[in-house]
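Visitor: Output the structure for:
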Amino acid sequence: MPRKKSVQPDHSFGDRLASMRRAAGLSQRQLAKQTGVSQRMIAYYETRAALPPGHVLATLADALGACVDELVGAKTLKPSAARKAHPRLWQRFQQIDKLPARERRELFSVIDAFLERHRLALLARAS
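Guide: Next comes the predicted model:
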C-alpha cells in the first residue's frame, strides 16, 4: 500500500507528523518503537509547536518514508538549482553526509542551536 505523503503546507509540524504517521498506518507506539523515540515524545511533538532536534527529525522522516523537508513543511530548491546557487554549501553538505553518525548528530545540534537563535531573533523583531 503506497504511503500518502501530501500534507497541507500551512499545517504545524505536529499536524504534519500526525498526518504522515496515520498515512503510514502507524500508531504513536509503533512509530516510537521504529525510531527509538518514546511514545510520550511522539505525542509531545504532535501536540506542540516545537521541532525536535535535527537527528530526531531525520529518524522520524526515515521511519515515515519521507524527507525532513517534507516533514517540516519546507519549500526547497531543486537539487540542481541548489548546487548552482550555493556550490560551496552543497559541497559541505556532501562532506557532512560522509561523517560518522555521532559526529553528524553533534553538528546538527550546533546547527539547530544557531537556527533557533535566528528564529527567536526574528520573532523578537516582529513583536
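Visitor: Please point out which parts of the helix or strand hosting residue 119 sit buried.
Guide: Under DSSP states H and E, the secondary-structure element containing residue 119 is helix 101-126. With burial defined by 16 or more other Cβ atoms under 10 Å, the residues of helix 101-126 counted as buried are 104, 108, 112. C-betas here are computed from N, CA, C, even on glycine.
Visitor: where's the closest residue to the last one other than its chain neighbours relative to residue 95, distance?
Guide: Nearest residue to residue 112 in three dimensions, chain neighbours excluded: residue 54, at 5.1 Å (Cβ to Cβ, 6 or more residues apart in numbering). Taking Cβ to Cβ, to the nearest Å as the measure, residue 54 and residue 95 are separated by 16 Å.
Visitor: Looking at these two, which one has more neighbours?
Guide: A side-by-side neighbour count of residue 54 and residue 95, using other Cβ atoms under 10 Å, places residue 54 first with 18 against 9.
Visitor: where are the low-confidence patches of the protein?
Guide: Counting by pLDDT under 70, the chain contains low-confidence ranges at 1-10, 49, 75-85.
Visitor: 90 - rerun?
Guide: Across the chain, the stretches falling below the confidence threshold (pLDDT under 90) are 1-13, 15-16, 19-20, 23-25, 48-55, 61-116, 118-127.
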